[in-house]
Structures are given as structure tokens and as C-alpha cells.
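Chemist: Mind looking at a prediction? Sequence and model below.
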Amino acid sequence: QHSALYIFPRCELLFHESKIEEKNQWPNTTRVTIHYNCYTHLEEEKYCSKVVKTRETSMAEEWKDKVIQEKLGGKKDWTDEERAELCRQLDEELESHIDAMGKTRYKGGWTEENWKEQMAEHPLFAPYIQEEGATQAEAPINPLSEGLAQLKFDPDHNTPEEVAQNYKEEGVLQFKYKKYRLAVANFSEGLKQKCSDYDLNAQLHNNRAAAHCHLGNYRSAIKDCEKAVELKTDYLKAVVRAVDCATKLNSWDEVFHWCDRGLRLDPTNQKLKTDRLTALKEKKLLERNARKMARDENKKATEEQNLINAIKNSGVQLGSTVLKGSSSISLSDLEPCHPAAQGSRVHFNESGELVWPVMLLYPEHHETDIIQEFPESDHIIDHLEVIFGKEAAPAPWDTEHKYQVNNLHVFFEDKEKTKLCKVDPNQTLQQVLRDPRYHVLGGTPG
């Protein structure tokens, strides 16, 4: 058995001579092995464990002398009473130290109230700060972050390739937190370095295209994809992104172009094949709809022209201009101005005759009625029977019930002579409209 250092739970330290066993001889030093037997006392039962450590001889001697000097005052021969007194003093010092720690308030560190502010000041944690309810994390600006950023992006301390790489990494971080505009700015700064690494420049263009795509800038994204493929001809990821952006724009010819380009790089790419088939179907559908729209527009234009020709040939006058034989008539001249007649523009019915919206004015009461569809072949008296006939309820403003069919006089206004012209109720609307003194105003006879 070798003599050893015993360790007791109440800090009772006993030193014995250590037997040093010489192991090897090395130039300028002696390597030794010191064996210690360590014993602890717990609930009046002793347990021990053996620890073997390798140290330089000088370090072991220095450590031993230091412990003796600091803890035992350099004294080697101790009585049992002196050892007990030393243990008592050490216990008192330990208890005093623990009591003092409990009374001292923790200052200058992180608390439940200020941990966010403290973390925000550290550049490693700043990007991860996020308020409750916020959709994005905010990275506060502080002097330490600014200083690190200057070192990170300073061209005086980094090569163009390193600066471009740093901007790329920063852009990827902003992209991760959905700050796409900041990501675009970082990727753009990386491209401004004009480094000689074509792959890195291609990645910057492709990453900026991804950010543009999330912002809805699909045309800008396609331009970046084109530049990325110019720098790296086999950049399939950029080709696929260009296909997606062209699809968003419904630019099917561009989709064909990029799909064909990608399939030349990877003939087995199923996504590109599917996108190309989808684009082919959509293009056919678009062309079919365009043809249908063109037919509908031609049909509408023909109907409108037929309507204009019918009005011109009938001798109806719009405003103060006689339209018979005139080529200046347009549908805007026939659009009703009265709100109640909106959507009731003159048109042909199934029998091919003109149907007009007609306004009836009651000057005595400042009231009006709008007949939205009045065929030219209808007699005026027929519509008056519907409004003022025996079976019709009197108008709210006709409290004296004066307005009866057999007691009505109908007039139209001669705009040129500013006088009223009497109309026979038994006439048709066509007969009234062909009167040379009558002019249709606002697309609504009245």
C-alpha cells in the first residue's frame, strides 16, 4: 500500500508522505505517477476511491507546497485538537460565506423583467427576439451588432468573395425570417462586390429571384434566373424557379422556353414535364377564349352598328342634330342619363323593332315615371291605361285623383322653339319620334 491523501466531509485534511514511483526518464524533466487513496466519511461509514493522475514532478511538488502553505500554514505536525479546531474554523467560514450569499441581492445580471432587453443587446441572440403576437422576429440595432457588421462586411478586412459570401448568408437569414425586402437588399449588395466566383454570383442571383418571387416581383425574378443560368449553365434550380414565375404571369411561351431548357439538363425531371403539359393546356384554353372573345366583340360591334343604322334610317333626331344620313352617331349618344333608366338603352326586340326607355313628366307635382321598355309600335294610350286606368291604384301624389286616362293631355317639348307640342295619345311611339320637331335627349324619349 502507498501512503495517500485522505479527504473527509468536514474538510479535515490529512497529509502523509506520498511515495513517488519513477516511471520514465525524459530530457529536462522526470515523468512520475502519484497514487492517491481518497476516503470520504458519510453517516459514520467510510468509502474510498482511488484516483490515478499523471503530472510533472515539479507541478506535483508545487501543488503540494501550495496547499500546505495556504490551508495549513506550512505546519506539518498537527495534534488532534489542532485538527479539530481547524475544521471548526473552516465550517464557520463556509457557513458565513453561504449566509452572506443569501443576503446579497443579485445585481447587474439578467432578470425575469429585463432578459429580453439583455438578450437584444447581444448580437448572437438579437435575430431571435420576437414579441408576443408578432409575425416576424425583430433584430434590434445596437453598437455591438453594428461593430460586428462593420468587421463582417468591411472590404478592408475581407476579400470581395468573403464580403459577397457574408452578404449571401445575411440575406438567407433575412429570407428565413420572411424579411424578403431586406433579403433582396443583401443579395444585391453581394452582387455589387463583383467577385470572381461565378458560382457564388449565380447563387446570389438565384436567391434574389426567390425573394422577388415571394414579393410578387415575378418579372424581376425571371431576370435574375436568366443571369444565374448565364453564370452557371447547369443551374437547374434557377430554371425551375423561372418556370414557376412565368406560370404566375400566365406567360405560357416563357414556360415552354424554360421547361425545354430544363429538360435538356434533366430529361427525367417530372416537375418540368408536368409544368409543360399544364402550360400547353392553359395556352390552348387561352387561345380558345381569345377567339371566343373576338367573335363576341365582332358580334356586338355588328349589332351596335345595325342599331345605329336603324336609328339613322328611321329619321330619329338625337339632341339638336338630325342623324338621318349622318355618320357621327355613337352609342354614347344613346346611353340614358336618368338613373332609373340605366341599363335600358335602346335596343332591338325579338321582332326586330326598336325598344326605347320613355320618361313621363308631371310638371304640376314635379314627379316622373320611367317606362324602361317602350316598343315603337306601342300606342301611348296603352301605357297610360296601365298607369292611370280604372284598375290601377292612384299615384301617392295624386290626392285629388285628377289623373284619369280620359282626362289627360300629352305634350312633347320643341327644343328649338321652346314650346310644347300636343301629342295624340292614340299615336304610336314611332309616329311621335319621327315628328321633325322632336329630339331625343339623353337617349331617353320623353
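Modeler: Everything's here; your move. Numbers count the residues shown, from 1 in each chain.
Chemist: use CA for all of it now, contacts and neighbours both
Modeler: Fine.
Chemist: List the buried residues of stretch 177-189.
Modeler: Using 16 or more other Cα atoms under 10 Å as the test for burial, stretch 177-189 gives 177-189.
Chemist: Please flag which of these sit within strands.
Modeler: Among these, no member is found in strands (DSSP state E).
Chemist: I'd like those as a markdown table, with distance to E303 appended.
Modeler: Output for these, formatted as a markdown table (distance: Cα to Cα, whole Å):
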| residue | distance to E303 |
| --- | --- |
| Y177 | 58 |
| K178 | 54 |
| K179 | 54 |
| Y180 | 52 |
| R181 | 52 |
| L182 | 55 |
| A183 | 55 |
| V184 | 53 |
| A185 | 55 |
| N186 | 58 |
| F187 | 57 |
| S188 | 56 |
| E189 | 59 |
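Chemist: Among these, which lie within helices?
Modeler: Y180, R181, L182, A183, V184, A185, N186, F187, S188, E189 (DSSP state H).
Chemist: can you list those in a markdown table and add distance to E95 and pLDDT?
Modeler: Listed next are those as a markdown table, based on distance: Cα to Cα, whole Å; pLDDT from 0 to 100:
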| residue | distance to E95 | pLDDT |
| --- | --- | --- |
| Y180 | 58 | 94 |
| R181 | 60 | 94 |
| L182 | 57 | 94 |
| A183 | 57 | 94 |
| V184 | 61 | 95 |
| A185 | 60 | 94 |
| N186 | 58 | 93 |
| F187 | 60 | 94 |
| S188 | 63 | 94 |
| E189 | 61 | 92 |
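Chemist: Which of these sits closest to P160?
Modeler: Of all these, P160 sits closest to E189, with 11.0 Å by Cα to Cα.
Chemist: Would you state the strands of this structure in chain order?
Modeler: Using DSSP E, strands in the chain cover 6-7, 13-14, 20-26, 29-42, 45-56, 317-318, 321-322, 347-348, 354-362, 367-375, 410-414, 419-423.
Chemist: for the third one, what is the average pLDDT?
Modeler: I take that to be strand 20-26. Averaging pLDDT along strand 20-26 gives 40.
Chemist: Tell me which residue lies farthest from the centre of the protein.
Modeler: Most distant from the centre of the chain: T79, at 81.1 Å, with distances by Cα atoms, centre = their mean.
Chemist: could you measure that residue against E93, distance?
Modeler: 21 Å (Cα to Cα, to the nearest Å).
Chemist: For the residue lying closest to Y438 once chain neighbours are set aside, give me its contacts.
Modeler: Nearest non-adjacent residue to Y438, counting by Cα to Cα, 6 or more residues apart in numbering: D414, 6.2 Å away. By Cα atoms under 8 Å, 6 or more residues apart in numbering, the contact set of D414 is L420, C421, R437, Y438, H439.
Chemist: Where do the domain boundaries of this protein fall?
Modeler: Here the domain parsing of the chain from automatic domain parsing is 6-93, 153-305, 321-433.
Chemist: could I get the ones you listed as CSV with distance to Q118?
Modeler: Below are those laid out as CSV (distance: least, Cα to Cα, whole Å):
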stretch, distance to Q118
domain 6-93, 35
domain 153-305, 21
domain 321-433, 66
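Chemist: hey, which of those is tucked in deepest?
Modeler: Highest mean neighbour count among the domains of the chain (mean count of other Cα atoms under 10 Å): domain 153-305, with a mean of 18.
Chemist: got a list of what the closest residue to R219 other than its chain neighbours touches?
Modeler: Excluding the flanking residues, the one nearest R219 by Cα to Cα, 6+ apart is C245, at 7.4 Å. By Cα under 8 Å, 6+ apart, the contact set of C245 is C213, Y218, R219, A221, I222.
Chemist: Could you report the pLDDT at C245?
Modeler: 95.
Chemist: Tell me where the model's unsure across the stretch 1-150 of the chain.
Modeler: Within the stretch 1-150 of the chain, the stretches with pLDDT under 70 are 1-76, 102-110, 120-150.
Chemist: what comes into contact with stretch 224-241?
Modeler: Contacts for stretch 224-241 (Cα under 8 Å, 6+ apart): 198-199, 201-203, 205-206, 208-210, 222, 242, 258-259, 261-262, 265, 272.
Chemist: what do you get if the cut-off is 7 Å, keeping everything else the same?
Modeler: Y198, D199, A202, Q203, H205, N206, A209, A242, W258, G262, L265 (Cα atoms under 7 Å, 6 or more residues apart in numbering).
Chemist: Quick check: phi and psi on the residue nearest to the second one when sequence neighbours are not counted?
Modeler: Going back to what we said before, that points to D199. Excluding its sequence neighbours, the residue lying closest to D199 (Cα to Cα, 6+ apart) is K232, at 6.6 Å. Backbone torsions for K232, taken as degrees, to the nearest 10, come to phi -140, psi 100.
Chemist: so how far is L204 from K232?
Modeler: Distance from K232 to L204, by Cα to Cα: 12 Å.
Chemist: so how far is P160 from L191?
Modeler: On the measure of Cα to Cα, L191 and P160 end up 10 Å apart.
Chemist: Which parts of the stretch 101-250 of the chain are helices?
Modeler: For the stretch 101-250 of the chain, the helices defined by DSSP state H, counting those that start in this stretch cover 115-120, 143-153, 160-176, 180-192, 198-215, 218-231, 236-248.
Chemist: Alpha carbons of the longest one, in CSV - could you do that?
Modeler: This file holds the C-alpha atoms of helix 198-215, laid out as CSV (Å, rounded to 0.1, in the frame of the first residue of the first chain):
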residue,chain,number,x,y,z
TYR,A,198,-19.2,32.6,-60.7
ASP,A,199,-20.9,30.0,-58.6
LEU,A,200,-21.4,32.4,-55.8
ASN,A,201,-22.7,35.1,-58.1
ALA,A,202,-25.1,32.6,-59.6
GLN,A,203,-26.4,31.7,-56.1
LEU,A,204,-26.9,35.4,-55.2
HIS,A,205,-29.0,35.9,-58.4
ASN,A,206,-31.0,32.8,-57.7
ASN,A,207,-31.6,33.7,-54.0
ARG,A,208,-32.6,37.2,-55.0
ALA,A,209,-35.0,35.7,-57.5
ALA,A,210,-36.5,33.6,-54.7
ALA,A,211,-37.0,36.8,-52.6
HIS,A,212,-38.5,38.6,-55.6
CYS,A,213,-40.9,35.7,-56.1
HIS,A,214,-42.2,36.0,-52.6
LEU,A,215,-42.7,39.7,-53.1
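Chemist: which helix in this structure runs the most residues?
Modeler: helix 270-314.
Chemist: can you give me how far that helix is from the chain middle?
Modeler: Computed by Cα atoms, centre = their mean, to the nearest Å, the chain-centroid distance of helix 270-314 equals 34 Å.
Chemist: No further questions, thank you.
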